[in-house]
Each structure stands twice: as C-alpha cells, then as structure tokens.
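> what follows is a predicted structure for the sequence shown.
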Amino acid sequence: MLLILLLLFILLSVFILYRIVLWISKKKARVNWTLALLGIFILVKIINFVFFTEMELIQSKVYTDKFFLKNPRITQDSINTMIKQFCIEKMNKEFVGNEEKYKRYNSDSSNVWISYDLDFYNYTDNFFGSNTAYFIDNEEDEGGPTSMHFLSEIEKERIAEFNIDYCENDTVNYYATITYHQNQYKIDTIVSKCIQQPKSFTPIKTNKTYSTEAKARVAEYPTNKN
C-alpha cells in the first residue's frame, strides 16, 4: 500500500512539473525570469555550502564505530584532514592510557590483538539507491524477501578506516593507520610506537588476530615522535 501511494505521488509530481514547464515555455519572458531565478538559487546554494555549511561526522547509534560524513567539501584533502584530526583526538581521548581495555586474546591466548577500529562513510539518504543514513538508527536487515538494508551494500560509500595494531613481534607497542578509499587507495601511518621501523609493513588482519605477515608494500612508518 505504501509503495502504491509513493508511485502515485511521483506520477502526480511529474504531471504537475510538466504542466508548469509547459506554461513557462509559452512566453519568452517567463523563460528568462525562470532561468534568472534558477541561476540566483544555484548561486545562493553554492555560497551557503562553501562559506556557511560545515562538514559533520554523525556517529551511528547502533554501530558506534561507524561515522557518516555529511556536507563533504569538494577537495578530498579537506576530507582526509578532517578525518585524520578526528581520529587522533578520539584515540587520545579513548585509547591512550586505556590500552588494556582494548586488548583481545583468542581462546588459548596464543594470539593477541587490539580491538579499536573506526569506519567512515559518505552520508547518503537515497530511497532507491545508497542509504547509509539508515544505519545511524537501525541495524542491518536480517535477510528475507523484504530485506533492503545491508552493511555490505554501502561499501562503495566507504571513505576511510582507522585501525590500531601491534608492532611486529610485539604485544605492547602499537601503531595506528588510516586507510583512505576514495579517489586513490592510500595508507597513512599517523602514530607509531614501534621500536624498529620497518620500511614497508602492514600486517594482515584476520579477525584482528596478530600476524607478522605483510599484505601490502604501500606505507612507511614515520620515526617515533612520541
């Protein structure tokens, strides 16, 4: 019933829009005024977005490690800088000094890892397309013929992910990375307490289990600034 009402509303809206366009097109003066008003409206929207609208990270209420970026800036560098600053501040507030709280072990304690990750997505609210906004207040659907919302469906909207892992052959010292997924895949090591700084090393994550294998030679550790 809801779908039928929605279709009727769409058809009615299209019909009204068609009648308005038809009415405007009958006189050149109406066309000129319409184009002028449309141009002013677009200019006002651009000015408002560039100078008065701030980027906003909205945290999911059900998946607290997931954040959705609303009103992103045009340049990817601005987005990456904001996310990086946010991760550093959040890590310093929650993780630093509370490292043991996030330490995890497997059943026989042969493997140890850090359970502290953050995921960032574009904020979208499209009924027939990507709808990351749904996951701010709702869990993903359990499955079935009427299910529509799954976390796997919003992977294309992923902007970045933040991870903290132990250094190679170490279960005390750690390093933190941000992996950027938009435009160009890039890994940025923002914090490193590793005693030895390998030139190119990123550990494989298998359920956050500690591993000394390398999966990609794309990032270099900075010297320890702490």
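Structure received.

> domain ranges for the chain?
With domains defined by automatic domain parsing, the chain comprises 13-52, 73-127+159-192.

> what's the first-to-last distance across the longest one?
According to CA to CA, to the nearest Å, domain 73-127+159-192 extends 29 Å from its N-terminal end residue to its C-terminal end residue.

> what is the mean pLDDT for it?
For domain 73-127+159-192, mean pLDDT is 91.

> make 18 the first number, not 1, from now on.
OK, 18 is where the count begins now, so the last one is domain 90-144+176-209.

> any figure for the gap between I204 and E172?
I204 sits 18 Å away from E172, going by CB to CB, to the nearest Å. To be clear about C-beta, it is placed using only N, CA and C from the backbone, and glycine gets the same treatment.

> of these two, who's got more company?
I204 (15 against 11; other CB atoms under 10 Å).

> and the residue located most distally from the centre of the chain, its phi and psi?
For the chain, the C-alpha farthest from the mean C-alpha position belongs to K44; by CA atoms, centre = their mean, that distance is 47.2 Å. In terms of degrees, to the nearest 10, the main-chain angles of K44 are phi -130, psi 140.

> look up how far I212 lies from it.
Here the criterion is CB to CB. By it, K44 lies 78 Å from I212.

> over to W130?
Applying CB to CB to W130 and I212 gives a distance of 19 Å.

> so which of these two has more stuff around it?
Counted by other CB under 10 Å, W130 and I212 do not tie: W130 has more neighbours, with 22 against 12.

> go ahead and confirm that one touches I181.
No: if you go by CB atoms under 8 Å, W130 and I181 don't touch, sitting 9.5 Å apart.

> list the residues that contact both of those two?
Overlap of the contact sets of W130 and I181 (by CB atoms under 8 Å, 6 or more residues apart in numbering) is empty.

> helix/strand/coil for V61?
Using DSSP: H, G, I helix; E, B strand; the rest coil, the structure places V61 in helix.

> ugh, wrong one, T149
Assignment for T149 (three-state DSSP): coil.

> so it touches Y140, yeah?
Yes: using CB under 8 Å, T149 is in contact with Y140, at 6.0 Å.

> of these two, which one has the most company?
More neighbours surround T149 than the other of T149 and Y140, with 24 against 20 (other CB under 10 Å).

> which residues touch the more buried one?
Contacts for T149 (CB under 8 Å, 6+ apart) come out as 85, 138-142, 171, 174.

> so how many other residues sit close to D182?
Neighbour count of D182, defined by other CB under 10 Å: 21.

> Provide the strand pairings for the longest strand seen in the chain, with the direction of each partner.
In the chain, with assignment by DSSP state E, the single longest strand is strand 175-183. Looking at strand 175-183 with DSSP bridges, its partner strands are strand 134-139 (antiparallel), strand 191-197 (antiparallel).

> how far away is the residue nearest the centre of the chain from Y35?
Taking CA atoms, centre = their mean, the centroid of the chain lies closest to Y138, which sits 1.8 Å from it. Going from Y138 to Y35 by CB to CB gives 36 Å.

> same question for F137.
In terms of CB to CB, F137 sits 41 Å off from Y35.
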